[in-house]
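In: no sequence for this one, just the structure:
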């Protein structure tokens with residue numbers, strides 16, 4: 001693989017670069033976030049290995065967020081002394097694919113790099129989701145079933161999108177609260193049931209086969225089969 005290493009600690013940088021090269025990889029090493037962003041955005045790499053805390057005005061998280069915003073999906077492995085759960089989650093949510101806490105064993109670093117390198121290339125994101133005769137267009141934000149346009153509210157659209165992205169899987173109320181309502185607590189209301197009921201009225205009424213199903217004591221599922 002061709003790997004970009006962004007690490008400001010010269011000793012760590014030399015150690016990692018030498019080990020990766022000995023394992024047969026080509027490594028470019030830069031010591032700050034600004035150079036790292038320029039290199040990552042202007043050249044092709046199979047993997048980025050980034051420190052979280054970097055000089056140059058651009059830290060690792062900001063670097064990854066910028067790349068992802070540009071549509072760059074090169075796999076990213078964070079290296080960081082920031083070991084707390086919240087810090088690891090922050091790095092992964094920014095667009096990181098893996099997170100390794102310092103100090104680390106080189107054998108584990110190499111294994112994680114090669115595991116990321118085995119992942120298939122990311123295809124262009126889907127712009128349409130389809131289940132049976134139900135179709136959701138992510139660009140025009142429209143919903144049709146059997147060729148008939150169905151008007152839905154923005155929150156209903158987000159709810160339907162989440163269900164369709166997990167078609168055939170049980171989606172719990174907790175998942176919906178977090179992903180659709182951005183709640184990280186239970187508001188103790190029936191807001192989900194109300195919205196699901198409205199979606200059912202719009203999507204399933206007048207059609208032979210219902211698509212939205214309640215899974216008792218678990219949540220909801222969208223699938224073509226009854």
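Out: Received it, and whenever you're ready, just let me know what you need. None of the values given here were measured: they were computed from a predicted structure.
In: contacts, neighbours, all on C-alpha from now
Out: Noted.
In: the residue nearest to the spatial centre of the chain: helix or strand, and which one exactly?
Out: Centroid-nearest residue in the chain: residue 95, 6.5 Å away (criterion: Cα atoms, centre = their mean). In this structure, residue 95 sits in neither a helix nor a strand according to DSSP states H and E.
In: counting neighbours, what do you get for residue 192?
Out: Residue 192: 18 surrounding residues under other Cα atoms under 10 Å.
In: please name the nearest non-neighbouring residue to it.
Out: residue 173 (7.2 Å; Cα to Cα, 6 or more residues apart in numbering).
In: from residue 156, how far out is that neighbour?
Out: 15 Å (Cα to Cα, to the nearest Å).
In: and residue 21, by the same measure?
Out: When residue 21 is compared with residue 156 (using Cα to Cα), they lie 51 Å apart.
In: so between these two, which is more surrounded?
Out: residue 156 (17 against 14).
In: state the pLDDT value of the more buried one.
Out: We note a pLDDT of 94 for residue 156 in this prediction.
In: can you list phi and psi of it for me?
Out: Torsion angles at residue 156 (phi, psi; degrees, to the nearest 10) stand at phi -70, psi -40.
In: contact partners for it?
Out: Shown in contact with residue 156 (Cα atoms under 8 Å, 6 or more residues apart in numbering): 195, 196, 199.
In: which residues in the chain form strands?
Out: Using DSSP state E, the strands of the chain run over residues 2-6, 26-30, 47-51, 76-80, 98-101, 128-131, 134-137, 142-145, 148-150, 171-172, 212-215, 219-222.
In: show me what the last one is packed against.
Out: This means strand 219-222. Using 3 or more Cα pairs under 8 Å, 6 or more residues apart in numbering; DSSP states H and E as the contact test, the elements touching strand 219-222 are helix 154-165, strand 171-172, strand 212-215.
In: what does the second one contact?
Out: Among residues not part of strand 171-172, those counted as contacts by Cα under 8 Å, 6+ apart are 163, 218, 219, 220, 221.
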